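Asker: Below are the sequence and a predicted model; questions follow.
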Amino acid sequence: MIKQKGMKVGAVSLWLLLLLAERPMYGYEIIKELEKKFSGYWKPQTGTIYPALEKLEKNKSVTSKVEFRDKTPDRRHYAITEKGQKELADSMIHWSKMAEIIETHWEAHQAVFRHKSEISKNDLSKIFTYLAKSLQEKSSLEISKILPTTKKIVVKNPSDPLEFKFLYAKEKTGENKDKYEIHIEMEWPRQASKNEEST
């Protein structure tokens, strides 16, 4: 659980409280409801949901009870408490303000092209080789040469210095399996054209 001034619960905990405010649910049911609400864009893992539920219960934001069943595994049902209802109401105000900020930012900053797919290590190495060669030769980057797209997108020659961001992350996905990710990001200022420079 994230505790900051003006924010009582983090994003995952907020979604759990929102669901439990509708009705009590057991763990697997919560995961399926989240998958449905996010339409596949987020697939919650047991390694994320159950620890968050445990923290909420420890904080007395939710309560739980076990349903003992004869022929099938027992189920633990979770329900929101009065304290959880108050935290939910307070956090909704904060997250609503954040949504306004994100919407404003989105209007000013939109991705021209976004791509995600599975790729072989050999093909990925070719992409990095092409990027390295283009940066060394100070030439423009043609996206269609490295990613399948119907559009011809040309990225103008990045100017020095570049702002470089690198993230390495490991996520527990359950069943003794881990998911590893590397995110690389480069930023550079937009260069004014000759017409703009003369005005």
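Answerer: That came through fine. Values in this document were obtained by computation on a predicted structure and should not be read as measured data. Residues are numbered from 1 along each chain as shown.

Asker: helix/strand/coil for the most centrally placed residue in the chain?
Answerer: What sits nearest the mean C-alpha location of the chain, by Cα atoms, centre = their mean, is residue 42, with 7.9 Å. Assigned by DSSP: H, G, I helix; E, B strand; the rest coil, the conformation of residue 42 is coil.

Asker: my guess is it meets residue 48, correct?
Answerer: No - between residue 42 and residue 48 there is no contact, the gap being 9.9 Å when judged by Cβ atoms under 8 Å. Any C-beta I mention is one placed from the backbone N, CA and C, and that applies to glycine too.

Asker: Return the distance of the residue nearest to the centre of the chain relative to residue 124.
Answerer: 25 Å (Cβ to Cβ, to the nearest Å).

Asker: One more: residue 189?
Answerer: 28 Å.

Asker: who touches the residue nearest to the centre of the chain in this structure?
Answerer: 34, 35 (Cβ atoms under 8 Å, 6 or more residues apart in numbering).

Asker: and the gap between it and residue 160?
Answerer: Counting by Cβ to Cβ, the separation of residue 42 from residue 160 is 38 Å.

Asker: now swap in residue 124 and tell me
Answerer: According to Cβ to Cβ, residue 124 stands 25 Å off from residue 160.
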